[in-house]
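**Student:** Pasting a predicted model and its sequence here:
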Amino acid sequence: MAERMLFVPWRYISDWKCIACGKCCKAYSVVLSFPEWLKIVKNYGVDKTVSGLDKLFIKRRSDGSCVFSYNLSNMYLCGLQRMKPKACKLWPFQILSKPKFGYVNEAVYYYGGNKFFIYADSTCSGLRYGKPTWEFTNYTLKEFVEIALGRRINQSKTTANIRFLHPYARFII
Ligand code: SF4
Ligand code: SF4
């Protein structure tokens with residue numbers, strides 16, 4: 001992608017809310033776990049996926065966008081809904097057991113007595129910088145960690161609130 005990727009530790013982020021700009025559904029190839037791949041193949045057919053050397057991916061259109069991304073009233077939504085891959089649910093955050101991108105004190109996050117290091121990909125349009133809000137720290141990031149650990153599947157704070165972005169839309173991504 002054209003923009004330079006930079007990982008920002010979570011303590012520099014005041015809040016994050018997905019604005020359904022669709023940038024991430026176009027800029028990256030989504031890597032699938034085998035069970036995720038199997039579910040997609042069973043429901044949508046093998047032609048919606050691509051296999052690399054040792055990885056499975058969702059197919060992309062010629063413009064780079066994910067085949068499940070669609071546009072509704074200038075919002076880019078996910079057609080996979082409840083089958084959305086974990087990689088997509090976690091974007092733009094990386095929840096790591098080691099401080100891969102430095103800024104140890106700014107990246108450390110405690111959950112369930114364990115230490116994690118959280119960074120955000122700065123290319124996401126939904127990031128707001130500053131002192132983290134209470135809600136972002138205690139709800140949004142907690143949900144990201146629980147999804148990363150496999151303790152949670154359903155998304156609430158970690159996806160776009162379409163009803164807020166577009167009061168008449170009945171879908172969520
Ligand atoms: S996660 Fe970020 S880049 Fe992706 S659609 Fe939402 S605001 Fe845009
Ligand atoms: S599966 Fe959904 S969230 Fe993931 S890249 Fe495709 S449209 Fe975007």
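**Tutor:** Structure received. Residues are numbered from 1 along each chain as shown. Ligands and ions are numbered 1, 2, ... in the order given.
**Student:** So for the biggest helix by length in the chain, what gets flagged as buried?
**Tutor:** As assigned by DSSP state H, the longest helix anywhere in the chain is helix 34-44. Buried residues in helix 34-44, counted by 16 or more other Cβ atoms under 10 Å: Glu36, Trp37, Lys39, Ile40, Tyr44. All C-beta spots, glycine's among them, are computed from the backbone N, C-alpha and C.
**Student:** With stretch 61-73 instead?
**Tutor:** For stretch 61-73, using 16+ other Cβ under 10 Å, the buried residues are Ser65, Cys66, Val67, Phe68, Ser69, Tyr70.
**Student:** closest to Phe136 among the buried residues of helix 34-44?
**Tutor:** When these are compared for distance to Phe136 (Cβ to Cβ), Glu36 wins out at 27.4 Å.
**Student:** Apart from its neighbours in sequence, what residue is nearest the closest one?
**Tutor:** Spatial nearest neighbour of Glu36, chain neighbours left out: Pro85 (4.9 Å); criterion: Cβ to Cβ, 6 or more residues apart in numbering.
**Student:** Would you agree the one you found is in contact with Val30?
**Tutor:** Yes - here Pro85 reaches Val30: they are 5.5 Å apart, a contact under Cβ atoms under 8 Å.
**Student:** Need the overlap of contacts for the two.
**Tutor:** Ile58 (Cβ atoms under 8 Å, 6 or more residues apart in numbering).
**Student:** tell me the strands in the protein, going along the chain?
**Tutor:** 7-9, 13-16, 31-32, 49-51, 56-58, 69-72, 75-78, 93-96, 108-111, 114-121, 127-129 (DSSP state E).
**Student:** shaky segments in this protein?
**Tutor:** Scanning the chain for pLDDT under 70 picks out 1-5, 162-173.
**Student:** Spell out which parts of it neighbour ligand 2.
**Tutor:** Cys25, Val30, Ile58, Cys66, Phe68, Ser69, Cys78, Leu80, Lys84, Pro85, Cys88 (Cβ under 6 Å from any ligand atom).
**Student:** same thing but at 8 Å, please
**Tutor:** With Cβ under 8 Å from any ligand atom as the criterion, the chain comes near ligand 2 at residues 22, 24-25, 28, 30, 58, 65-70, 76-80, 84-85, 87-89, 91, 173.
**Student:** which of those residues are buried?
**Tutor:** Buried among those (16+ other Cβ under 10 Å): 22, 24-25, 28, 30, 58, 65-70, 76-78, 80, 84-85, 87-89, 91, 173.
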